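>>> Structure, please.
(one chain, ligands or ions: 1)
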Amino acid sequence: MTKLYACLGSGNCFKPWLAMHQLGMPFKLELVDVLKGEQKTPAYLSVNPLGVVPHLITETGHGIGESNAMLWYLAEDSHLMPATREGRAEALQWMYFEQSKLEPFISPARFFTTILPDQREARAEDIRKWQTAADAGLSRLDAHLAHRTFMLQSGYSIADIATFGYVHVLEEAGLSMADYPAIAHWVAAVADTDGFRPLSEMGQSHSKAA
Ligand SMILES: N[C@@H](CCC(=O)N[C@@H](CS)C(=O)NCC(=O)O)C(=O)O
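Okay, here's the model as predicted:
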C-alpha cells in the first residue's frame, strides 16, 4: 500500500494527503514529529536520507520527495491532472511559483508566529521580511484569481492543491485574508470540491483514504 510520511499541520504534507483523499486512493499515513526531530533519526533517514517530510512510498516501493512531485505522480491519468499539454505546463508553472514565491515565506512566518510562538519576538524582524515577501507573491496570486474560479481555466487541478497548502493558512503567518479577496473566494471554492478534507483532519485517518 502507498505510504505517506508526514507531520501534522504542515501545508506541504497536507498536499499529497488531500490529493489521495480526493482521488479515493487508499494509503497509510506514517506520522513523523519534526518538532521532536524524528525526521533525523536513523530509522527515518533510512526511508528518506534527506530527513524531511513529506515523503511518499509508492505501491512498488519507490520513494518520492517534494510535495509537488508527489502531486504530479498521484494525479497522473486523473481529473486532477490538466488534460492538455499547455494545461500541464501551466500547472507546473504555478507549482514552481508556489515553491519559490509563496511557501518559502508563508511557511517560516507561520512557523514562528503560530507553531512555535515562543520564538515570535526573537524572530520579529525575520517574520516581517517573510510577510513582505509573501505579500508580493500573494498579491500576484490574487490578481490571477480575480478572473477565474480555480488556478487554471480548465478547472480544479493539482495546481490548486499545491497552492492551497500554505495559502489557505496565511492568517496563521500573521497576514490577513481580507487583503486578498480573490484568494478568499478561491479558498472557499477549493474547500467545496469533491472529497475535500481540511488540514485539521490530517491526524484522523491513519490507515486509509475516506
Ligand atoms: N519543498 C519540500 C519541503 C520539505 C520540507 O522542508 N519539509 C519540512 C516540513 S514542511 C521539514 O521536514 N522540515 C524539517 C527539517 O527540515 O528538518 C516539499 O515541498 O516537500
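>>> Those residues of the chain touching the ligand, which are they?
The chain comes close to the ligand at residues Ser10, Asn12, Val34, Gln39, Gly51, Val52, Val53, Pro54, Glu66, Ser67, Gln99, as judged by C-beta under 6 Å from any ligand atom. For the C-beta atoms, the positions are set from N, CA and C on the backbone; glycine is no exception.
>>> How about the first one, nearest residue that isn't a chain neighbour?
In this case it means Ser10. Val53 (6.7 Å; C-beta to C-beta, 6 or more residues apart in numbering).
>>> Kindly report the same for Met70.
Per C-beta to C-beta, 6+ apart, closest to Met70 is Pro16, 4.1 Å.
>>> Using the three-state scheme, assign the residue nearest the centre of the chain.
Among the residues of the chain, the one closest to the centroid is Gly165, at 2.9 Å (C-alpha atoms, centre = their mean). Secondary structure for Gly165, judged by DSSP: H, G, I helix; E, B strand; the rest coil, is helix.
>>> Would you check that it makes contact with Glu98?
Yes - between Gly165 and Glu98 there is a contact under C-beta atoms under 8 Å: 7.4 Å.
>>> one step back: so what's the residue count around the nearest residue to the residue nearest to the centre of the chain once chain neighbours are set aside?
Excluding the flanking residues, the one nearest Gly165 by C-beta to C-beta, 6+ apart is Gly11, at 3.6 Å. The local packing of Gly11 (other C-beta atoms under 10 Å) involves 23 other residues.
>>> Equivalent analysis for Ala184, please.
17.
>>> Tell me how far it lies from Leu138.
Separation of Ala184 from Leu138 (C-beta to C-beta, to the nearest Å): 11 Å.
>>> Could you do Met202 as well?
From Met202 to Leu138 the distance is 23 Å (C-beta to C-beta).
>>> Same question for Ala19.
Taking C-beta to C-beta, one finds Ala19 at 23 Å from Leu138.
>>> cool, Gly9 as well?
In terms of C-beta to C-beta, Gly9 sits 20 Å off from Leu138.
>>> So those two - more neighbours on which side?
Leu138 (23 against 19).
>>> Just the pLDDT for the more buried one.
pLDDT recorded at Leu138 is 98.
>>> for Ala210, same thing?
Value listed for Ala210 in the pLDDT field: 32.
>>> can you pull out the strands in the protein?
3-6, 28-31, 55-57, 63-65 (DSSP state E).
>>> For the first one, enumerate the helices and strands it packs against.
When contacts are defined as 3 or more C-beta pairs under 8 Å, 6 or more residues apart in numbering; DSSP states H and E, strand 3-6 sits against helix 11-22, strand 28-31, strand 55-57.
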